[in-house]
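Student: Need the 3D shape of this:
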Amino acid sequence: MIKRTIIAALLTVVAMAGQAQIVNTNYEDILDSLPTAMQEYLKMQGVQHFRVILTGEFNGKRAILKKVSCNKGKFEERILLPDIMHLVFNDSIEKLDFMAVPFGSDSLRIACFYPEIKNYRLFEDKVKADYTKILLETMTPGNGPAYPVIAYSAGIPIKGGSWVCGLRDSGTEPQLWYEKHGIKDYVYYTVTLEDDMPYDESADVYLKISKDGSVGMHKE
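Tutor: Next up is the predicted model:
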């Protein structure tokens, strides 16, 4: 009986470890491929960019994009795509482009694009601008089902500033940045995968976005 219990416990641990690694992220800044003068101009304008490369066994899963805001350990979550929009990941590699652009004197617009379909803009969000914060790689898949993909945050607080590289390399998922590193105010964006449902025949509009194409269904 004891041996069976140990085996069952080991299988549970293996299953949990497997679940935690469904989605992995890598990053590249395609602005680096632009001519030098254009790169310098965008830096002067405060423009930031990251291409997030997601790898996993997606198999036609619907990707739900959410924004999570942290204020001194209190979290608020908001879904960013409307119900009519079905972002479907079919392949084992998918890409999302995030761009942050200053807006007015104290705001920043963060937009997400799907490059596979003519750089389709999935959402645009506005956050309070802070010169100590940057568009930041999360560098960890977390534990699911909401996988962090990018953040807008300062680094780990240190005397006289913040340590961005230390946060990147910490391996800490964004939900724990306040608890473990004392980062009080930040936002991050997540992808949650779920089985996609066929469009509702009674719905006025159904929009599917995937590498197979973008299709709008309108009620007659």
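
Student: Do I have it right that I93 meets E57?
Tutor: No. Counting by Cβ atoms under 8 Å, E57 is not a contact partner of I93; they are 10.9 Å apart. Where C-beta positions appear, they are placed from N, C-alpha and C, glycine not excepted.

Student: The most centrally placed residue in the chain: what's its closest spatial neighbour, skipping adjacent residues?
Tutor: Centre of the chain computed as the mean C-alpha position; nearest residue by Cα atoms, centre = their mean is V149, 2.9 Å away. Sequence neighbours aside, V52 is the residue nearest to V149 in space, at 4.9 Å (criterion: Cβ to Cβ, 6 or more residues apart in numbering).

Student: quick one, what contacts the one you found?
Tutor: Remark: with contacts taken as Cβ atoms under 8 Å, 6 or more residues apart in numbering, V52 is in contact with 25-27, 95-98, 149-150.

Student: Serialize these to JSON lines and add fields for secondary structure and pLDDT.
Tutor: What follows is the contacts of V52, written out as JSON lines (DSSP: H, G, I helix; E, B strand; the rest coil; pLDDT from 0 to 100):
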{"residue": "T25", "secondary structure": "strand", "pLDDT": "91"}
{"residue": "N26", "secondary structure": "strand", "pLDDT": "93"}
{"residue": "Y27", "secondary structure": "strand", "pLDDT": "95"}
{"residue": "K95", "secondary structure": "strand", "pLDDT": "96"}
{"residue": "L96", "secondary structure": "strand", "pLDDT": "97"}
{"residue": "D97", "secondary structure": "strand", "pLDDT": "97"}
{"residue": "F98", "secondary structure": "strand", "pLDDT": "97"}
{"residue": "V149", "secondary structure": "strand", "pLDDT": "95"}
{"residue": "I150", "secondary structure": "strand", "pLDDT": "96"}
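
Student: who wins for neighbours among those?
Tutor: By neighbour count, taken as other Cβ atoms under 10 Å, the most surrounded of the contacts of V52 turns out to be V149 (26 neighbours).

Student: ok, it touching L96?
Tutor: Yes. Taking Cβ under 8 Å as the definition, V149 is a contact partner of L96 at 6.7 Å.

Student: strands paired with the helix or strand hosting H86, and their directions?
Tutor: When secondary structure is defined using DSSP states H and E, the element that contains H86 is strand 85-89. Strand 85-89 has these partner strands in its sheet, going by DSSP bridges: strand 61-71 (antiparallel), strand 205-210 (parallel).

Student: what ranges do the helices span in the protein?
Tutor: Counting by DSSP state H, the chain has helices at residues 2-19, 36-44, 164-169, 177-181.

Student: any idea how far the residue nearest to E116 when sequence neighbours are not counted lies from K126?
Tutor: Counting by Cβ to Cβ, 6+ apart, K211 is the residue found nearest to E116 once chain neighbours are left out, at 4.9 Å. As defined by Cβ to Cβ, to the nearest Å, K211 lies at a distance of 29 Å from K126.

Student: Could you report the neighbour count for V101?
Tutor: A total of 16 residues lie near V101 under the criterion other Cβ under 10 Å.

Student: wait, it sits on L42?
Tutor: No. In this structure, V101 is not within contact of L42 by Cβ under 8 Å, at 9.3 Å.

Student: Name the residues contacting each of V149 and L96.
Tutor: Going by Cβ under 8 Å, 6+ apart, residues that sit against V149 and also against L96 are 52, 54, 191.
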